[in-house]
Structure formats: structure tokens, C-alpha cells
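Visitor: pasting the sequence and the predicted coordinates here, then a few questions.
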Amino acid sequence: MNRSLRWSTFAAPSRFYALAGALNPWLWALAAALAAAGLYIGFFVAPTDATQGDSYRIIFIHVPAAWMSMILYLAMAFWAAVGWMLNARMASMLARALAPTGALFTFIALWTGSFWGKPTWGTWWVWDARLTSYLILLFLYLGFIALVTAIDDVVRGDKAAAVLALVGVVNIPIIYFSVRWWNTLHQGATISMTAAPKMAHTMLVAMLLMTFALWAYAFAVVFTRAQALALERERDTEWVRALAGNG
């Protein structure tokens, strides 16, 4: 008899491993196709900005990376909390798998922001609220990674990192609302859920394509990393031995 799918169906590492293996080739292909289209439109089709010239085009990498860095942190904190409260092994592994990708996107957002800031503001870096809170986000990611690496006991490491991740969630609204709460050099949101976009149609298309490309990339690389963690942690289980035998 077929069992209906539930939210916990893929909580078992063996089932998640199989699901990730089936999805990953499609996710990698989707990420490559969307990124190629987004970069082409953003760098070759979208018009030159009236005030910033062509230097603004870095936003097609900067803005999606910035969005993803915040979203992935919330996802990391969520799965870390689920793993901690429900003693769900796969949830904790997902949290660990998310951290390096979130840190990468945060670094890219900071790096590209500096390259954008130099011609726009005349400086590579300012200690305003948005940039400082984003730097803190990078430190939170690196702290999470360092914590789970430093503690030999896997369960204790997961719990300690979950506490850090949950405490760090307070930084996300600070990042998002910093340009409203404080006087910063950083411009306000270009795309809002409550207002029309403040950019040309082709710019918006390129931005959305790059955002979806990073989503697909994030899923693919996190699933791949989670698979590796599942094999490492479950190496003494029957399903991993069977997988090794089939290989």
C-alpha cells in the first residue's frame, strides 16, 4: 500500500539522499541556464543607467546575492531549530549544509557592494548601518561554521550552533530596515511588494532571472553538501552500506 507524502517523509536521511540525487541534475542545469540568460540581459541588453552609467550593472549579481544571503540565514536558523527541538538528524544536516553557501553569498554581496560603492559613493566602504549589519551577518555564518567544526560531538555541535543561529536572526530585520531606521549612504529598496519597480523592464527581468538562478544554485549545492553529510554521519547504517555495495 502506498503511503501518502507528509512533511516528514524526507526527514529520513536515506529518503532525502534519494530525493536530492534525483533533483540535483535538473537544479544544476536550471541554475546554469537562468544565470546565462540573466547575465546576458543584464550586461548586454538592459539600458545604461542615466546617473550611474554602466557601473550599476553589478546590481544583477549584488542584489540577488544579498537577498539570498538573508533568506539562507533564515533557512539555516529554521532547520537548526527543527533539528534541535525535534532531534531531527536531517534538519541539522541541512542547517550545516546551508551555512557555507550563505557565507559565500554574503561575501559576494559585500565584495560587489564595495565595487559598486567606489564609483557611486567615492569610497570602497563606510561604517553605515546596512554595511555593518551585513558584515555581522558574515561573521554569524562563519561563527556557525566554526562552532560545528570545533565541537567533536555532533549532537552538541548542532545544539550549540542552533542557539547561535537563532540569536543571530535578530540581525536580519536590522539589515532589511536599516536604510529606513538610520541615515545611510545605501539606497532604499529598488523592488518592493507594495510598489511598482523603480527600474526598466529589462533590468527587472535580468534581476529576477539572476535571483532564480541563485535559488537553483543554492538548492543544488546545499543538497549536494547535505548528501555528503548524510553519508558521513550515517556511514554505519544499513542504507549507506547497501549504497556502497551497489556502487
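Guide: Thanks, I have the structure now.

Visitor: just the CA atoms of stretch 81-88, as PDB, please.
Guide: Extracted C-alpha coordinates of stretch 81-88, given in PDB (Å, rounded to 0.1, in the frame of the first residue of the first chain):
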ATOM      1  CA  ALA A  81      15.900  24.900  15.400                       C
ATOM      2  CA  VAL A  82      14.000  22.000  14.000                       C
ATOM      3  CA  GLY A  83      16.900  19.700  14.400                       C
ATOM      4  CA  TRP A  84      17.400  20.900  18.000                       C
ATOM      5  CA  MET A  85      13.800  20.800  19.200                       C
ATOM      6  CA  LEU A  86      12.700  17.600  17.300                       C
ATOM      7  CA  ASN A  87      16.100  15.800  17.400                       C
ATOM      8  CA  ALA A  88      15.800  15.600  13.600                       C
END
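
Visitor: what are the buried residues along it?
Guide: Within stretch 81-88, the residues scored as buried using 16 or more other Cβ atoms under 10 Å are 81-84, 88. All C-beta atoms are positioned from the backbone trio N, CA, C, and that covers glycine.

Visitor: contact partners for A77?
Guide: 95, 162, 165-166, 168-169 (Cβ atoms under 8 Å, 6 or more residues apart in numbering).

Visitor: what strand or helix carries it?
Guide: helix 59-86 (DSSP states H and E).

Visitor: I'd like the next helix or strand past that helix.
Guide: In N-to-C order, the element after helix 59-86 by DSSP H and E is helix 89-121.

Visitor: quick one: contacts of the following helix or strand past that next one?
Guide: Following helix 89-121 in sequence order, the next helix or strand is helix 129-150 (DSSP H and E). Outside of helix 129-150, the residues within contact range by Cβ under 8 Å, 6+ apart are 66, 69-70, 73, 76, 96, 99-100, 102-103, 106-107, 109-110, 113, 125, 157-158, 160-161, 164-165, 168, 171-172, 174-175, 178-179, 181-182, 184, 186.

Visitor: now, of those residues, which are buried?
Guide: Buried among the contacts of helix 129-150 by 16+ other Cβ under 10 Å: 66, 69-70, 73, 76, 96, 99-100, 102-103, 106, 109-110, 113, 157-158, 160-161, 164-165, 168, 171-172, 174-175, 178-179, 184, 186.
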